[in-house]
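Asker: Provided below are the primary sequence and the corresponding predicted coordinates.
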Amino acid sequence: MGIKIERIKINRGGPLRDDFNLEPKDVNLIYGHNETGKSYVVEAMISLLFRTGRRSIIDWALRDWEFAGSITVSGLEQKLVKFTKGVNKIDDYWAQEIGLPQDFSRLLVVKEGETALTDGKDAVGRDILKNYLSGEGLLDKLEARISATLREANIHNGRIVGSRRGEIKDMEQLSEGLRGLDSLLEKAELAYTSGKIYDLRQKKGLLDTELKRLGEAKRYRAKCIQEQIKTLAKKKQELPMQEDLAKIDSQISVYEEKKSQADTKLATLKKLQSLTEDFEWVKQALQVYQDITGGKGVTRPKSLWLILTGVFLAGAILTGFLKLPIPAALCAVVALGISLYYFLTMQRALASAGASEELERLRAEFMSRFGVELTDQALLRAKEEQLKESSIRAKAMEEELEATLSPELRHLELSIVTDLKRFTGRKLLVQEWRETVNKLRKEVNKLNEELNTLDKELASLGVPEEEFPVQDPGMAWDAMQYKELHEQLDMTSHTLDEEMGNIDNLKHEIRGVTKCNNNDWEELIGALRSLCDQGAENYRRSTAEILARVKLYEVIREIRQEENARIASGLERKELTDSLHTITGRYKGMRYDEEEGLILVTDEDEEYLLQEVSTGAREQALLAMRLGFSSTIMKGKSAFLILDDAFQHSDWPRRSNLVDRIVSITENGWQVFYFTMDDHIKALFLEARDRLGDRFASYELC
Amino acid sequence: MRIGITADLHLTSKENHPERYNSLENILSRLETEGIQTLLIAGDLFDKDFRNYSEFERLIKNYPQIQIHVIPGNHDANISERGIVAPNIHIYTMPKAVKLGSITFVFVPYKEETNMGDEIAALAESIRDKEWVLVGHGDYYGGVRERNPLEPGTYMPLSRENVEAFRPRKVFLGHIHKYCDQDNVCYAGSPCGMDITETGKRRFLLYDTDDGSLKSLGVSADIIYFDEAFVVMPLEDEVPRLRQEIKQRIESWNLEPLEQTKVVVRVQAIGYATDRKAIFSVLKEEFGKFKFYSGEEPSIEHLSVSTDRQLNVIAERTMQLIDELDWNFGGDEPDKQAVKLAALNLIYNE
């Protein structure tokens, strides 16, 4: 069932003097001269039926009239639909209910003789063709929503491939931004959880503790050193000073020198004393010599008496052994008598012979002492004179030694011995002096060195006495370890500061990015994560939009290719070519050229651009297309046409064809409202009335 | 030795949320049946500001042979053994290493403004040269994208670097209510959905300290939430298509017949339809055998109407191309549904 207008009621207004009421038939002729309200009725019908104004996709160019009335239409719904001034319009049915292009209304109305479908150069345009023959106009509308960048893009191996501009650039920037945020988040999460700061703080704490203990050990060491210094200082007090040792040293030297002098003198004295002894002997020898040289000589008993004693003694013994008592007694008496005689004789001989022996002894002694033989008393006297001087010198020298040198030496010795005893605790022998002094010097030097070392060490520790600890911290002071630990602490502190700095920088960066002014990690990470989530969402949305557009464009391209073929075949449709040929009587078909527009093809296969044919011919062709498109789009269904002076430019013979064509389409269910002021056209319709019977209605406006 | 592990029960009063107690009881009875005598609860045993533990005490006293080791979570950070009186409960309010079976378990209770790494570092001596398992409550910074939707922000995090540094044999965490397992870190998940955002069947874990194996066991919860969305295209067969999709979706839930009675759903249709009313009716009809969340009806708020056949054809063809698209959907990239919605909006919106 087609769409038909069942009733028209238009209230008078504008040039329309009376209300216009019509119960239309299939062909409806509305005739009226100028200023009788013909255009008013046409515009009222447009206004009541179709969407006008800003929401309309067709610019109807209506005059500023206020219309009132109603038009009742059948075929849209089960029941009749009445259109008034309200918002409900027949356009709404095209797309939603019937599946027609939204601007389908354009085909149904020729207003004020304007048969052109568009303002374009060929009065039709590709858009119309696409719309009515292919629906491709819709594709253009959709395509317009897709940027040139995405039209060139494609999806390959899970990637969007296209120029880095527009949406693709935006998407990549979002992706880069997201990567940046993710990286920042990762850094933040790592910084918060890695425990690096914690570890460093722990390490620093341990180093601090260790250093504190070592510091304690250092102070304890200082205390120990000071105690050592005190001990050594005390010891030092018991040792001679360097000056003391120097003095002792000097005294020893003096002593040694003086001792040497004394020894020399003593040696000389000894020699002189020896000469003095010679002098004394010579002096006594001279006396003896004088005495001897004044007495007599002495004779000794003969040795024979001794032999005889022996012989008789042996005889006594022998006879005794032979047990001859008388010879034995005789021999013994003889031996005794002889020995007695020898003894007495010897006694006398000796008493008389002493003086000469003494002299001999003198001579022997003289020879022994002086190496020359004593010849006479004069020699002795000379010798006495000679030795007398040495004796005097020896005496003098002895007196000198006793008087000066020996006391000095004794004094020096006493002083040295006393001094050394003070430092050694015992009385030293002279030969021990030097060694002892050297030993003491070494000892003093060593002590001084030790003290010096300790002083230096104490100074290097730099610990004031008031900081000396009471107790041993239980670890030895180790300057190297202290240094190493200090270096480690410095390094750890530096790293910690650096890390803290990095953390501060990172937090600053996150605050900048997130606009979160909190300094707390959890807040910052939370804010950053929200930003990441938002960034990820933006990226996903952007990517989804791109993918959707790329794929939609692919569909559009495919459909467009299909639709181009469909336009070509659409223009060859029988509904269109029949209509064209019937109305124009000359053109058998048409084709579309992208550059030139619509081209009409004659029976003789001559081609003419639609825009270049005569006004009448174009009017006919356009009307033919309008009817043809309508038939095509409606796919066998029918509707109504409002034609306001649609044939006015056609020549008279063609007008007849046009009216015939109009009448013929009503036989397929179409309904036509033809408005004219042209008497010839009116006559042509009235001629057709006989064929139409009660399917024809006319209305004359006055 | 086998040990049961769960977390995030968020117990409140039994009157308000009996299903949470029932989930715990289900776990305890399963452990009892299996002869397992240890259950670990990795935080948030109780909901925020809940202070009366008597119902919980009554429940666990029924299972005296099961020792329950609990760490406080961010919702119940104040719990202690002074507040909960039961012979079989052990609450670790300070980090502590405890030997369970052949393994040392390190319990790290939730603590504000700190991270798990620092707490573990403090126990470094206790775990040196030992095989140990971490039980904590917080976020894992190791690529787990799952977050607790109810709690934005960050909670006592554990990083992948911490895991690499301290080398636990396994990590069991609470806080994220959805089960997930990455690297060596495992979120047990809540054994009972808290609300419609926590969908699907719930579970608890069984960990064998001897061989390190981990087994997931379903919890027979009173409620199983599902939140489903369907992208509709305005096609002549939109209704049968939707019915088919709903059927497949319900099958994917993998529910036992008894479990179907526990389902609470939220459903919505998005996109474009020729007949919104029919779509609504289909949703209502197909999901009518389940209970709708909070008495809500199926939502068609984001479902528009389109009767433009040309647009519909274009939409259908575009959807087909999107289905065939060579793209790694999901994760950081948009999912297919989002691309389809973008295309539909592009096609139908002026």
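Answerer: Thanks, I have it.
Asker: so A:K212: helix, strand or coil?
Answerer: Secondary structure, DSSP: H, G, I helix; E, B strand; the rest coil: A:K212 is helix.
Asker: next, count neighbours for it.
Answerer: 11 (other Cβ atoms under 10 Å in any protein chain shown). To be clear about C-beta, it is placed using only N, CA and C from the backbone, and glycine gets the same treatment.
Asker: do A:Y255 as well
Answerer: Applying other Cβ under 10 Å, we find 20 residues neighbouring A:Y255.
Asker: same check, this time on B:E125
Answerer: B:E125, neighbours per other Cβ under 10 Å, totals 7.
Asker: pretty sure it sits in a strand.
Answerer: No - assignment of B:E125 by three-state DSSP gives helix, placing it outside any strand.
Asker: that one and B:W132, how far apart?
Answerer: The gap separating B:E125 from B:W132 is 12 Å, by Cβ to Cβ, to the nearest Å.
Asker: and if you look at B:G142?
Answerer: Taking Cβ to Cβ, one finds B:G142 at 18 Å from B:W132.
Asker: what's the following helix or strand after the lengthiest strand in chain B?
Answerer: Longest strand in chain B by number of residues (criterion: DSSP state E): strand B:263-273. Per DSSP states H and E, the first helix or strand lying C-terminal to strand B:263-273 is helix B:276-286.
Asker: restrict that next one to CA atoms and write it as CSV.
Answerer: Output in CSV follows, covering the C-alpha atoms of helix B:276-286 (Å, rounded to 0.1, in the frame of the first residue of the first chain):
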residue,chain,number,x,y,z
ARG,B,276,15.4,-1.0,22.6
LYS,B,277,12.3,-2.4,24.2
ALA,B,278,12.9,-5.9,22.8
ILE,B,279,16.5,-5.8,23.9
PHE,B,280,15.4,-4.8,27.4
SER,B,281,12.9,-7.6,27.4
VAL,B,282,15.5,-10.1,26.3
LEU,B,283,17.9,-9.1,29.0
LYS,B,284,15.2,-9.2,31.6
GLU,B,285,13.9,-12.6,30.4
GLU,B,286,17.3,-14.3,30.0
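Asker: B:A7 contacts B:H137, correct?
Answerer: Yes - B:A7 lies in contact with B:H137 (Cβ atoms under 8 Å); the separation is 7.1 Å.
Asker: quick one: the strands in the stretch 1-150 of chain A?
Answerer: A:4-10, A:20-22, A:27-32, A:69-74, A:81-83, A:109-110 (DSSP state E, counting those that start in this stretch).
Asker: pLDDT weak spots in the stretch 51-200 of chain B?
Answerer: B:143-152 (pLDDT under 70).
Asker: quick one, strands of it?
Answerer: Using DSSP E, counting those that start in this stretch, strands in the stretch 51-200 of chain B cover B:67-71, B:89-91, B:96-100, B:103-107, B:132-137, B:140-141, B:158-159, B:170-174, B:180-182, B:185-187.
Asker: what would these look like in JSON lines with mean neighbour count?
Answerer: As requested, these are exported to JSON lines (neighbours: other Cβ atoms under 10 Å in any protein chain shown):
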{"stretch": "strand B:67-71", "mean neighbour count": "23"}
{"stretch": "strand B:89-91", "mean neighbour count": "19"}
{"stretch": "strand B:96-100", "mean neighbour count": "15"}
{"stretch": "strand B:103-107", "mean neighbour count": "23"}
{"stretch": "strand B:132-137", "mean neighbour count": "27"}
{"stretch": "strand B:140-141", "mean neighbour count": "26"}
{"stretch": "strand B:158-159", "mean neighbour count": "25"}
{"stretch": "strand B:170-174", "mean neighbour count": "25"}
{"stretch": "strand B:180-182", "mean neighbour count": "15"}
{"stretch": "strand B:185-187", "mean neighbour count": "22"}
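Asker: redo these as a markdown table? Include distance to B:R203.
Answerer: Listed next are the strands of the stretch 51-200 of chain B as a markdown table, based on distance: least, Cβ to Cβ, whole Å:
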| stretch | distance to B:R203 |
| --- | --- |
| strand B:67-71 | 18 |
| strand B:89-91 | 23 |
| strand B:96-100 | 21 |
| strand B:103-107 | 20 |
| strand B:132-137 | 17 |
| strand B:140-141 | 18 |
| strand B:158-159 | 22 |
| strand B:170-174 | 13 |
| strand B:180-182 | 11 |
| strand B:185-187 | 11 |
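Asker: now for the ones you listed, which one comes closest to A:A536?
Answerer: Nearest to A:A536, of all these, is strand B:140-141, at 16.3 Å by Cβ to Cβ.
Asker: tell me, what's touching B:A7 and B:H137 both at once?
Answerer: Taking Cβ atoms under 8 Å, 6 or more residues apart in numbering or on different chains as the contact rule, the neighbours common to B:A7 and B:H137 are B:A42, B:G43, B:D44, B:G73, B:L173, B:G174, B:H175.
Asker: the first one against B:N74, yeah?
Answerer: It refers to B:A42. No - taking contacts as Cβ under 8 Å, B:A42 lies outside contact range of B:N74: 11.7 Å.
Asker: the two: which has the busier surroundings?
Answerer: Comparing B:A42 with B:N74 by other Cβ under 10 Å, the one with more neighbours is B:A42, at 30 against 20.
Asker: for the more buried one, give me its contacts.
Answerer: B:5-8, B:71, B:73, B:135-137, B:172-174, B:188.
Asker: would you list those residues in TSV and tack on distance to chain A?
Answerer: Output for those, formatted as TSV (distance: Cβ to the nearest Cβ, whole Å):
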residue	distance to chain A
B:I5	23
B:T6	25
B:A7	20
B:D8	19
B:I71	18
B:G73	15
B:V135	17
B:G136	12
B:H137	14
B:F172	18
B:L173	13
B:G174	17
B:A188	21
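Asker: quick one: the strands in the stretch 401-550 of chain A?
Answerer: In the stretch 401-550 of chain A, no strands are defined using DSSP E, counting those that start in this stretch.
Asker: what does it have sitting close to chain B?
Answerer: Contact residues (Cβ under 8 Å from any Cβ of the partner chain) of the stretch 401-550 of chain A with chain B: A:520-523, A:525-526, A:529-530, A:536, A:539-541, A:543-545, A:547-549.
Asker: list only buried entries from the residues you listed.
Answerer: The neighbour-count test (16 or more other Cβ atoms under 10 Å in any protein chain shown) marks A:521-523, A:525-526, A:529, A:536, A:539-541, A:543-545, A:547-549 as buried among those.
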